[in-house]
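Asker: Here is a sequence with its predicted model. Questions after.
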Amino acid sequence: MEYIIFIHNNTDKKTAEEQWHSFFSLATDSGMFQGGSEIYNSEAMGSKIIPNIMDTISGFMRFETSDKNKLLSLLDKHPVIIAGGSLEICEMPKR
């Protein structure tokens, strides 16, 4: 199963750069990590008013695994979780 993890901007304290380096090493070593990115700018299109995603989401990560518990265990070590923030885990449709 493929998952996209949305990283929310709601931490209780600032995350440290070394926490991110450590987590990316763990994620890469897990074999589940499929990439991701910070999000810097957004632009809405269409005629409906929508909330600015930048107010709540700072980035995303993609993972693939048949063992969701293994993924959840890894995400417990995510810098945003450690700093008291939230991640949103979404299952992606099968390709």
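Answerer: Sure, I can see it. Residues are numbered from 1 along each chain as shown.
Asker: Let me know the pLDDT of the residue of the chain most remote from its centre.
Answerer: Computed with CA atoms, centre = their mean, the residue of the chain farthest from its C-alpha average is residue 47, at 28.7 Å. Here the pLDDT value assigned to residue 47 is 94.
Asker: Next up, identify which helix or strand it is on.
Answerer: In the assignment (DSSP states H and E), residue 47 maps to no helix and no strand.
Asker: What helices and strands are in contact with the helix of greatest length in the chain?
Answerer: In terms of residue count, the longest helix belonging to the chain (DSSP state H) is helix 17-30. Under the contact criterion of 3 or more CB pairs under 8 Å, 6 or more residues apart in numbering; DSSP states H and E, helix 17-30 touches helix 68-75, helix 79-82. Glycine gets a C-beta too; all of them are placed from N, C-alpha and C.
Asker: would JSON lines of those with mean pLDDT be doable?
Answerer: Shown next, in JSON lines, are the helices and strands packed on helix 17-30 (pLDDT from 0 to 100):
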{"stretch": "helix 68-75", "mean pLDDT": "98"}
{"stretch": "helix 79-82", "mean pLDDT": "98"}
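Asker: who wins for proximity to residue 11 among those helices?
Answerer: helix 79-82 (5.8 Å; CB to CB).
Asker: Export whichever helix or strand comes after the closest one to CSV, keeping only CA atoms.
Answerer: Sequence-wise, the next helix or strand beyond helix 79-82 is strand 87-91, with elements assigned using DSSP H and E. Taking only C-alpha atoms (Å, rounded to 0.1, in the frame of the first residue of the first chain), the coordinates of strand 87-91 have been written out as CSV:
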residue,chain,number,x,y,z
LEU,A,87,0.9,14.2,10.6
GLU,A,88,-2.0,13.2,8.3
ILE,A,89,-1.7,9.6,6.9
CYS,A,90,-3.6,9.0,3.7
GLU,A,91,-3.8,5.7,1.8
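Asker: just checking, what packs against strand 87-91?
Answerer: Strand 87-91 packs on strand 2-8, helix 68-75, going by 3+ CB pairs under 8 Å, 6+ apart.
Asker: Could you identify which of these is most buried?
Answerer: Highest mean neighbour count of these: strand 2-8, a mean of 18 (counted as mean count of other CB atoms under 10 Å).
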